[in-house]
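Peer 1: what follows is a predicted protein model with its sequence.
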Amino acid sequence: MKVIIAGAGAMGSRFGIMLHQGGNDVTLVDGWPDHVNAIRNNGLKANLNGEDITVNIPVMLQSEIKADEKADLIILFTKSMQLDKMLQDVKPLISDNTKILCLLNGIGHEDTIEKYIPMENIFIGNTMWTAGLVGPGQVKLFGNGSVELQNLGQDQESAAQDLAKVLSDSGLNAKYSDNIHYSIYRKACVNGTMNCLCSILDVNMAEFGATKPAHDIVVTVVNEFAAVAHAEGVDLDVKEVVEHVESCFDPETIGKHYPSMYQDLINNHRLTEIDYINGAVSRKGKKYNIATPYCDLLTQLIHCKEDILGAK
Ligand SMILES: NC(=O)C1=CN([C@@H]2O[C@H](COP(=O)(O)OP(=O)(O)OC[C@H]3O[C@@H](n4cnc5c(N)ncnc54)[C@H](OP(=O)(O)O)[C@@H]3O)[C@@H](O)[C@H]2O)C=CC1
Ligand SMILES: CC(C)(CO)C(=O)C(=O)O
């Protein structure tokens, strides 16, 4: 299958490597010249569960995209803020049959994708895989993960099942979800707690989980997400979601991971996706007249930290 990874940072590199190793014809597309040049000149270097590997995968800058080769599948892995621009740039690679899979963290990306792609070709989901960008052309990948996905268009369930199989055949452990909006809110609860709190407190997920107030904070934030989700017709099982969030504390699984927001803000002084996670819940709370004080404060604290660190 001809797969384009649109946004080949940490996660795009992980999916690119695994799909390439699984026998797919993968091309990476990214907007960061140093990263693209490093991969082109030296291969994509990864520390995969402790083993150093180099993988040679074709790579191009968004500005180098040509219309001569159409993709079967485009996996979107930009940061939320870059999604619209990436969709505009990959247009030449899209035919009537090209499927688009969005696995970004955050809520509401389908509103952006629908502007460019017909509904029957859109598939959305989320992932518990992790990845870290060490520097241009270099990633660190450890632990296990999973993917959940579903079709947005009607009558596309079998296409979504096929897509899950393509990912699973490459070890990505993907499942069809019959209620992807539930799964997306459930994952957003993980990001709405772990990403901002680890960044503010300067800790990894296991270290946050070991603090006494961690459980109460997680419960309060998840309840705010659940209230807003309910107003949108998605009924979260709060107890189950809290358990899912707290499973990330385990140092034997992904507890030692510093969430992607930490990597952006603390390591690289880059702007964060907070407005698509807790910030989205705050905005929706205002729309539905639901109080979301923890999400409001966490969003503002992350914006304070972006200002303090001069994030760009
Ligand atoms: N990392 C993780 O463990 C996980 C991340 N996610 C989600 O996946 C999506 C992609 O995240 P992730 O792979 O972490 O994103 P990355 O920050 O690693 O990469 C995203 C893009 O940011 C740009 N970029 C990153 N670092 C630099 C830098 N130092 N200098 C210049 N440009 C840079 C590059 O694009 P450009 O130059 O075009 O701006 C890159 O394609 C997000 O929605 C994230 O929340 C989901 C699960 C886990
Ligand atoms: C790994 C995980 C689940 C942590 O919140 C994540 O999605 C991220 O790092 O953004």
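Peer 2: Noted; the coordinates are in hand. Only a predicted model underlies this, so the values are computations on that prediction, with no experimental measurement involved. Ligands and ions are numbered 1, 2, ... in the order given.

Peer 1: identify the residues contacting the residue of the stretch 101-250 of the chain found nearest ligand 2.
Peer 2: Closest contact between the stretch 101-250 of the chain and ligand 2, by CB to the nearest ligand atom, is at Met194 (3.7 Å). Every residue, glycine included, has its C-beta placed from N, CA and C. Residues in contact with Met194 (CB atoms under 8 Å, 6 or more residues apart in numbering) are 205, 208, 245, 248, 259.

Peer 1: excluding chain neighbours, what is closest to Asn105?
Peer 2: Asn191 (4.8 Å; CB to CB, 6 or more residues apart in numbering).

Peer 1: that's a helix at the one you found, yeah?
Peer 2: Yes - checked against DSSP: H, G, I helix; E, B strand; the rest coil, Asn191 lies within a helix.

Peer 1: surely Gln88 and Tyr116 touch.
Peer 2: Yes - between Gln88 and Tyr116 there is a contact under CB atoms under 8 Å: 7.2 Å.

Peer 1: neighbour count: the two, which is higher?
Peer 2: Tyr116 (15 against 11; other CB atoms under 10 Å).

Peer 1: in a strand, Trp129, correct?
Peer 2: No - using three-state DSSP, the assignment for Trp129 is coil, not a strand.

Peer 1: how close does Gly31 sit to Leu83?
Peer 2: 12 Å (CB to CB, to the nearest Å).

Peer 1: more neighbours: those two, which one.
Peer 2: Leu83 (21 against 18).

Peer 1: now the more buried one: closest residue in space, sequence neighbours ignored.
Peer 2: Thr112 (5.3 Å).

Peer 1: buried set for the helix or strand hosting the one you found?
Peer 2: Taking DSSP states H and E as the criterion, Thr112 maps to helix 109-113. By 16 or more other CB atoms under 10 Å, the buried positions in helix 109-113 come out as 109-110, 112-113.

Peer 1: what about Gly171, how many neighbours?
Peer 2: 13.

Peer 1: for it, which three-state class applies?
Peer 2: Per three-state DSSP, the local secondary structure of Gly171 is coil.

Peer 1: and for the one 4 residues further on?
Peer 2: Classification of Lys175 by three-state DSSP places it in strand.

Peer 1: roughly how far apart are the closest residue to it other than its chain neighbours and His244?
Peer 2: Counting by CB to CB, 6+ apart, Lys175 lies nearest to Glu148, which is 5.5 Å off, once chain neighbours are set aside. Plainly put, Glu148 is 12 Å away from His244 if you go by CB to CB.

Peer 1: what's in contact with stretch 262-269?
Peer 2: The contact list for stretch 262-269 (CB under 8 Å, 6+ apart) reads 10, 79, 132-133, 195, 198-199, 202, 204, 258, 270-273, 302, 305-306, 309-312.

Peer 1: buried ones among those?
Peer 2: By 16+ other CB under 10 Å, the contacts of stretch 262-269 give 10, 79, 132-133, 195, 198-199, 204, 258, 270-273, 302, 305-306, 311 as buried.

Peer 1: go through these and flag which are in strands.
Peer 2: 132-133 (DSSP state E).

Peer 1: for this protein, which residues are neighbours of ligand 1?
Peer 2: For the chain, the residues in contact with ligand 1 (CB under 6 Å from any ligand atom) are 7-12, 30-32, 77-80, 82, 104-105, 127, 130-131, 133, 260, 264, 268, 273.

Peer 1: ok, of those, which come out buried?
Peer 2: 7-12, 30-32, 77-80, 82, 104-105, 127, 130-131, 133, 260, 264, 273.

Peer 1: and stretch 246-262, what's buried?
Peer 2: Going by neighbour count (16+ other CB under 10 Å), the buried part of stretch 246-262 is 246, 248-249, 253-255, 257-262.

Peer 1: thinking again about what came up before, ok, the contacts of Met194 vs Asn47, which is closest?
Peer 2: Nearest to Asn47 among the contacts of Met194, counting by CB to CB, is Pro259 at 18.5 Å.

Peer 1: which residues in this structure form strands?
Peer 2: According to DSSP E, the strands that the chain contains are 2-6, 25-30, 44-48, 51-55, 59-61, 73-76, 99-102, 122-127, 132-135, 138-141, 147-151, 174-176.

Peer 1: now those strands in JSON lines, with distance to ligand 2 and mean pLDDT?
Peer 2: Shown next, in JSON lines, are these (distance: least, CB to the nearest ligand atom, whole Å; pLDDT from 0 to 100):
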{"stretch": "strand 2-6", "distance to ligand 2": "17", "mean pLDDT": "98"}
{"stretch": "strand 25-30", "distance to ligand 2": "18", "mean pLDDT": "98"}
{"stretch": "strand 44-48", "distance to ligand 2": "17", "mean pLDDT": "97"}
{"stretch": "strand 51-55", "distance to ligand 2": "21", "mean pLDDT": "98"}
{"stretch": "strand 59-61", "distance to ligand 2": "23", "mean pLDDT": "98"}
{"stretch": "strand 73-76", "distance to ligand 2": "15", "mean pLDDT": "98"}
{"stretch": "strand 99-102", "distance to ligand 2": "14", "mean pLDDT": "98"}
{"stretch": "strand 122-127", "distance to ligand 2": "7", "mean pLDDT": "97"}
{"stretch": "strand 132-135", "distance to ligand 2": "9", "mean pLDDT": "94"}
{"stretch": "strand 138-141", "distance to ligand 2": "12", "mean pLDDT": "97"}
{"stretch": "strand 147-151", "distance to ligand 2": "12", "mean pLDDT": "98"}
{"stretch": "strand 174-176", "distance to ligand 2": "16", "mean pLDDT": "98"}
